[in-house]
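**Student:** I would like to see how this sequence folds:
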Amino acid sequence: MAESKPEVSLKDQGNEFFKAGNYLKAAAIYTQAIKKDPSNPALYSNRAAAFLNLVKLQKALSDAETTISLNPSWDKGYFRKGCVLEAMERYDDALNAFRIALQHNPQSTEVSRKIKRLTQLSKDKKRSEEVDNMRSNVDMAKHLDGFKSELAQKHVGEESWKEIFSFVVETMETAVKSWHQTSNVDARVYFLLNKEKTDTDKYAPVVNIDKAFESPHTHGDCVSFLRQYAVDSFSRAACLVVPKSAISYPQVWKGQGPRKWKHGQSDGFFVEFESPLLRKEWFIPSSSEKGQILCRDPVALDISAHEVIPKIFKDN
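**Tutor:** Predicted structure coming up:
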């Protein structure tokens, strides 16, 4: 008479389906097993693994927590919890879980590898969040205290310096946001028009100068046009924005002497401010970080050495 085969446990059945990649069936069978043996931590651990593969992360986390509560000294519960938290991109919490797992099983090379990887992922995520924050919360004013003081001194007794300062900050911030979105800014001159005198039907606050840097001839014509525009429009100030790639000056400035370009190969754009009383210039470099284009702090330039266009306003 043939011997009868021993009955395969529900846990073993679930394990077979899990190995075959049928995680839904495995989870269902582990659930049956749990109903029969609700205090067995291994069943919750196995079902947590099945739920994780099904991307049912909250259910997986709940089972991992139950595993830990049933056997607080078993490293597998903390390992499961760490894996689920990693999938949730809660890297710091996952690290804590894996570190506890390592305390209960110091020989586990798998847990050690997880800790090493998660440590780097956590750093990368924090830096990525910092970059996103810097990209979305643009605040140029905090970099322009020196310019603000100089502007107030030059425009003594004039309330208008505050309006001019706001005009420059807004122009810079608009350019930075454009650069973050498209890695480019249009070559333009922004004019602060006189609200009382300017004929706004005839004179716009923005002039495109994208052709200005194609040749010395077009550059000269552009400067002449801007000078006349500033007079006819009764403009109080102007702010030029132009991408570094549009002009050849940085290559020329690499020569020796005071005109030497000290900012390497950084991509970015120039901002050149002018009023009848003051001229200033900045270079805003950019870099790629964590897959995002990020503008760096503006660098003040010596406008007498690095001007992009010559003076367009007459002295007061």
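
**Student:** quick one, helices of this protein?
**Tutor:** Taking DSSP state H to define them, one finds helices in the chain at 10-19, 23-36, 41-53, 57-70, 75-87, 91-104, 109-136, 145-154, 160-182, 216-232, 249-252, 303-306.

**Student:** would you list these in TSV and tack on mean neighbour count and mean pLDDT?
**Tutor:** To be clear about C-beta, it is placed using only N, CA and C from the backbone, and glycine gets the same treatment. What follows is the helices of the chain, written out as TSV (neighbours: other Cβ atoms under 10 Å; pLDDT from 0 to 100):
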stretch	mean neighbour count	mean pLDDT
helix 10-19	17	95
helix 23-36	18	96
helix 41-53	24	97
helix 57-70	20	98
helix 75-87	24	97
helix 91-104	20	96
helix 109-136	14	91
helix 145-154	14	92
helix 160-182	18	94
helix 216-232	15	95
helix 249-252	14	76
helix 303-306	15	91
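
**Student:** dump those helices to a markdown table, plus distance to P285.
**Tutor:** Shown next, in a markdown table, are these (distance: least, Cβ to Cβ, whole Å):
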| stretch | distance to P285 |
| --- | --- |
| helix 10-19 | 53 |
| helix 23-36 | 49 |
| helix 41-53 | 44 |
| helix 57-70 | 41 |
| helix 75-87 | 36 |
| helix 91-104 | 30 |
| helix 109-136 | 14 |
| helix 145-154 | 18 |
| helix 160-182 | 10 |
| helix 216-232 | 24 |
| helix 249-252 | 11 |
| helix 303-306 | 14 |
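
**Student:** which of these sits closest to F191?
**Tutor:** Of all those, it is helix 216-232 that lies closest to F191, at 7.0 Å by Cβ to Cβ.

**Student:** that closest one: how far from the chain's middle?
**Tutor:** What separates the centre of helix 216-232 from the centre of its chain is 38 Å, taken as Cα atoms, centre = their mean, to the nearest Å.

**Student:** can you spell out which helices and strands pack onto that helix?
**Tutor:** Under the contact definition 3 or more Cβ pairs under 8 Å, 6 or more residues apart in numbering; DSSP states H and E, helix 216-232 sits against strand 188-192.

**Student:** tell me the angle of the strand it packs on relative to helix 160-182?
**Tutor:** Counting by axes from the mean of the first three to the mean of the last three Cα atoms, to 10 degrees, strand 188-192 lies at 150 degrees to helix 160-182.
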